[in-house]
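Novice: The amino acid sequence is not available; the structure is as follows:
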């Protein structure tokens with residue numbers, strides 16, 4: 001639950017009484033309500049739903065960025081997040097320096113970074129730009145480096161939020177193969193995407209969120225079919241009993 005404040009426009013009478021000062025009101029936004037599920041180790045989970053359904057809030061809660069207002073979240077293992085491309089990068093530093101900082105922040109040792117740096121740099125395909133300030137990077141270069149760092153940390157749990165929405169077709173294919181590799185190596189992966197094809201291809205389980213609530217969880221084909229029907233007929237006439 002988020003608490004936001006906004007300025008309430010005063011009436012003429014109340015403005016005179018309060019000398020024209022606006023009145024601030026607190027508004028509560030329930031991004032997620034009574035969402036409960038378990039995901040076993042080695043499962044690849046796709047998360048779908050319309051904009052504002054609570055998908056990104058859920059990912060940030062699992063990552064530990066947002067503490068839950070109530071209830072609890074139990075996460076077992078090291079989490080690597082790719083929730084917003086390039087977030088945490090220092091634009092004045094080079095790509096090489098940001099790889100080191102990102103790895104250290106994720107708990108890697110200097111020895112581990114030295115072992116994996118060449119692989120991270122090669123996957124990102126930045127060439128000589130790896131030693132240039134990131135303020136000179138395009139959005140595609142940002143995304144390639146961010147993705148490369150995230151997937152090469154050997155995480156127990158990988159969280160990806162619309163990571164494939166940027167980059168060219170070649171890199172998207174390579175990113176998809178790398179995510180499949182992470183999942184096949186008994187890692188747990190969460191993928192938020194509006195691409196139903198990506199969810200079907202990469203995930204063994206699917207969660208559908210709607211207005212902050214868990215609408216359905218199960219096999220990707222079945223959940224996507226229900227979600228697609230929901231989009232076609234609308235909320236008023238949709239019922240899971242019809243499936």
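Specialist: Yes, it's here. Small disclaimer: the values here were computed from a predicted structure and weren't measured.
Novice: Could you tell me how many residues sit around residue 68?
Specialist: Residues lying near residue 68 (other CB atoms under 10 Å) number 12. Quick note: C-beta positions are derived from backbone N, CA and C, even for glycine.
Novice: Tell me the spacing between it and residue 191.
Specialist: Using CB to CB, to the nearest Å, one gets 21 Å for the distance from residue 68 to residue 191.
Novice: swap in residue 119?
Specialist: With the distance defined as CB to CB, residue 119 ends up 22 Å from residue 191.
Novice: Dihedrals phi and psi, residue 106?
Specialist: Dihedral pair for residue 106: phi -80, psi 0, per degrees, to the nearest 10.
Novice: Straight-line length of stretch 159-173, end to end?
Specialist: Counting by CA to CA, to the nearest Å, you get 18 Å between the two ends of stretch 159-173.
Novice: Also stretch 61-72?
Specialist: End-to-end distance (CA to CA), stretch 61-72: 10 Å.
Novice: Could you check that stretch and say which residues are buried?
Specialist: 61, 62, 63, 66 (16 or more other CB atoms under 10 Å).
Novice: OK, contacts around the last one?
Specialist: When you say that, I think you mean residue 66. By CB atoms under 8 Å, 6 or more residues apart in numbering, residue 66 lies in contact with 57, 60.
Novice: tell me the secondary structure for it?
Specialist: Assigned with DSSP: H, G, I helix; E, B strand; the rest coil, residue 66 falls in the coil class.
Novice: per-residue confidence at it?
Specialist: pLDDT recorded at residue 66 is 87.
Novice: gap between it and residue 1?
Specialist: Relative to residue 1, residue 66 is positioned 10 Å away (CB to CB).
Novice: Perfect, I'm done here.
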